[in-house]
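Asks: what's the 3D shape of this:
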Amino acid sequence: MERALQLDPKRSPTGGPMWNVHYGMVKNLIEGRLRQLLEFKCNIVVIGHLSIVQDQETGAVIAIEPLLTGQLSTKVPGYFDEVYYARTRQTKEGTKWILQTVAKGHYKARSRLSGVMHILPDEMSNDYSELVKAINNQTT
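Replies: I've put the predicted structure just below:
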């Protein structure tokens, strides 16, 4: 946002950004940076927070998506082949972190590597080396 305000210094009456001008600029700046990142020939891991979208009248949860402005919350995950949701599970040994590789409920996790055959398990340990090992075992 600071970069957008530098490029276009107009301010709202309260001194903040102008929604119709600056947020469009931020969207364009972020999308350009994401495209640059995706050109790298390596594994890219992006970690983000979630936003819960609720119906204003009933309070029902409509979706749970990345905490991004406007349409970016639905566009950004589409740039990546693998989108996992990390959560905890209580076991006898204590709290265990797991990765969800398929959509369940409002969580839109997905694995293109797993495909329609569900090669990867629906849930697996939140350990990057185990994930890479599972992917390599399935693709060889």
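
Asks: and the lengthiest helix in the chain, which residues are buried?
Replies: For the chain, the longest helix by residue count, based on DSSP state H, is helix 19-38. Within helix 19-38, the residues that qualify as buried are His22, Tyr23, Met25, Val26, Lys27, Leu34, counting by 16 or more other C-beta atoms under 10 Å. Where you see a C-beta, it was placed from the backbone N, CA and C, and this is true even at glycine.

Asks: any low-confidence regions in the chain?
Replies: 1-2, 4-5, 16-22, 115, 138-140 (pLDDT under 70).

Asks: Remind me what the longest helix of the chain packs against, helices and strands.
Replies: helix 2-7, helix 72-75 (3 or more C-beta pairs under 8 Å, 6 or more residues apart in numbering; DSSP states H and E).

Asks: can we see that at 6 Å?
Replies: For helix 19-38, the packing partners by 3 or more C-beta pairs under 6 Å, 6 or more residues apart in numbering; DSSP states H and E come out as helix 2-7.

Asks: mind listing what Asn137 touches?
Replies: Taking C-beta atoms under 6 Å, 6 or more residues apart in numbering, we find Asn137 in contact with no residue.

Asks: and it, what element?
Replies: Take DSSP states H and E as the rule and Asn137 turns out to sit in helix 128-139.
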